[in-house]
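Student: pasting the sequence and the predicted model now:
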Amino acid sequence: MQATKVQLSKKTDARIGDRLFAALQLALPTHLMSLVVHWFLRLEIRWLKNLVIGWIMRAYDIRLDEFVVSDPKQFRSFNDFFTRALKPGQRPMPEDAHATACPVDGFMYQHGNIESGRIFQAKGQSFDLVELLGGDATRAEAFQGGQFATIYLAPKNYHRIHMPLDGRLQEMVYVPGRLFSVNPATSRAMPNLFARNERVAALFETAVGPMAMVLVGALFVGSIETVWAGEVTPPNRSKVESTRYPEGATTLQRGEEMGRFNMGSTVILLFGPNAVDWASSFETHQPLRMGETLALPR
């Protein structure tokens, strides 16, 4: 039954290679593969972690000038390297205190309006807002008719996630799912991709109203952390889990770290209707840096 979902309409931009890659992932034990990678990348075997770090740095032209640890041999493990911390001042926040800051380094995959309860994924592809947020229509209601931005983190990017605005945490929702790749090829070919993958949604109250940050897991990205809950995944669970937070329990300032991916993935930002205007006409695949102005209050 799942295999039929990979069949695409003629309106998509998916190529034959994209479809084959998506079909292959449907047959793979993606959670098991991600657990193996989760274990392997935390090994503290000096020669092995140095070999893997060196290969990745060469493959993706990664430099460490901006980071607290600048000698790759000083990282305890590959995951320690992957979640490396920036030096203070490397990603200044916007001068406008009311501006929404980009929460991550990455590139703008899509952004726009949430229309008829659906979020644009790729040409001919969209996914359901309610499903993205765990199937609760009441939870999703605040974002109906609002706006979204989908930001993809490539392997070379900085992988800590920061607050776009000052926010009071209201709810965290774990949503079970698969762990398909979230690269552009899979996004073009896999229907409903971001609402099928395992994810963690954090809902905040901000000066512009409700804001959600949806941290989407992916193939080999089976570990998502937040600063208030620690490692949320793994393990993967079979049902949606929601945790609500009392007023004042967790408040984070704009630019403060809120979480991280242990390997790369995607952040989807959601805002309510008439909350913000995009600060630029961002182009698809436009590079972004954490801290640059993403939107302004309407």
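Tutor: Nice, I can see it.
Student: what stretches of the stretch 51-200 of the chain score poorly on pLDDT?
Tutor: 121-124, 181, 183-185, 187, 189-191 (pLDDT under 70).
Student: can you give me the helices for it?
Tutor: 78-82, 129-132, 137-141, 184-189 (DSSP state H, counting those that start in this stretch).
Student: avg pLDDT for stretch 213-222?
Tutor: Per-residue pLDDT values over stretch 213-222 give a mean of 81.
Student: now G248: closest residue in space that isn't a chain neighbour?
Tutor: R168 (7.4 Å; CB to CB, 6 or more residues apart in numbering). Yep, even glycine has a C-beta here, placed from its N, CA and C like the rest.
Student: bridged to that neighbour, which residues?
Tutor: Beta-bridge pairing of R168 under DSSP bridges involves E205, T251.
Student: for E225, same thing?
Tutor: Assessed by DSSP bridges, E225 has beta-bridge partners E231, R260.
Student: ok, it - how many residues close by?
Tutor: Counted by other CB atoms under 10 Å, the residues lying close to E225 total 21.
Student: R260 is in contact with that one, correct?
Tutor: Yes: judged on CB atoms under 8 Å, E225 makes contact with R260 at a distance of 5.1 Å.
Student: now the strands: where do they sit in the stretch 101-250 of the chain?
Tutor: 106-113, 118-122, 125-128, 147-152, 160-162, 167-175, 199-206, 209-216, 224-226, 230-233, 241-244 (DSSP state E, counting those that start in this stretch).
Student: can you redo the ones you listed as a markdown table with distance to F82?
Tutor: Output for the strands of the stretch 101-250 of the chain, formatted as a markdown table (distance: least, CB to CB, whole Å):
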| stretch | distance to F82 |
| --- | --- |
| strand 106-113 | 14 |
| strand 118-122 | 26 |
| strand 125-128 | 27 |
| strand 147-152 | 16 |
| strand 160-162 | 10 |
| strand 167-175 | 22 |
| strand 199-206 | 18 |
| strand 209-216 | 15 |
| strand 224-226 | 12 |
| strand 230-233 | 14 |
| strand 241-244 | 26 |
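Student: out of those, nearest to W39?
Tutor: With CB to CB as the criterion, W39 lies closest to strand 230-233 of the strands of the stretch 101-250 of the chain, at 13.4 Å.
Student: centre of the chain to that closest one, how far?
Tutor: Relative to its parent chain, strand 230-233 has a centroid offset of 14 Å by CA atoms, centre = their mean, to the nearest Å.
Student: can you list the buried residues in stretch 261-271?
Tutor: 261-271 (16 or more other CB atoms under 10 Å).
Student: hmm, back to that, the strands of the stretch 101-250 of the chain: which one's closest to A99?
Tutor: strand 199-206 (12.1 Å).
Student: did I read that right, N50 in a strand?
Tutor: No: in this structure, N50 is helix, not part of a strand, as judged by DSSP: H, G, I helix; E, B strand; the rest coil.
Student: quick check: it touching P72?
Tutor: Yes: counting by CB under 8 Å, P72 is a contact partner of N50 at 7.1 Å.
Student: count of neighbours near the nearest residue to T233 once chain neighbours are set aside?
Tutor: In space, T233 comes closest to I224 once its chain neighbours are excluded; the distance is 5.1 Å by CB to CB, 6+ apart. By the measure other CB under 10 Å, the count of residues near I224 is 24.
Student: just the ones of the buried residues of stretch 261-271 in strands?
Tutor: Of those, the ones assigned to strands by DSSP state E are 261, 266-271.
Student: need the winner for burial among the helices of the stretch 51-200 of the chain.
Tutor: Comparing the helices of the stretch 51-200 of the chain by mean neighbour count (mean count of other CB atoms under 10 Å), helix 129-132 ranks first with a mean of 23.
Student: returning to what we had before: neighbours around the residue nearest to G248, how many?
Tutor: R168 - counted by other CB under 10 Å - has 15 other residues nearby.
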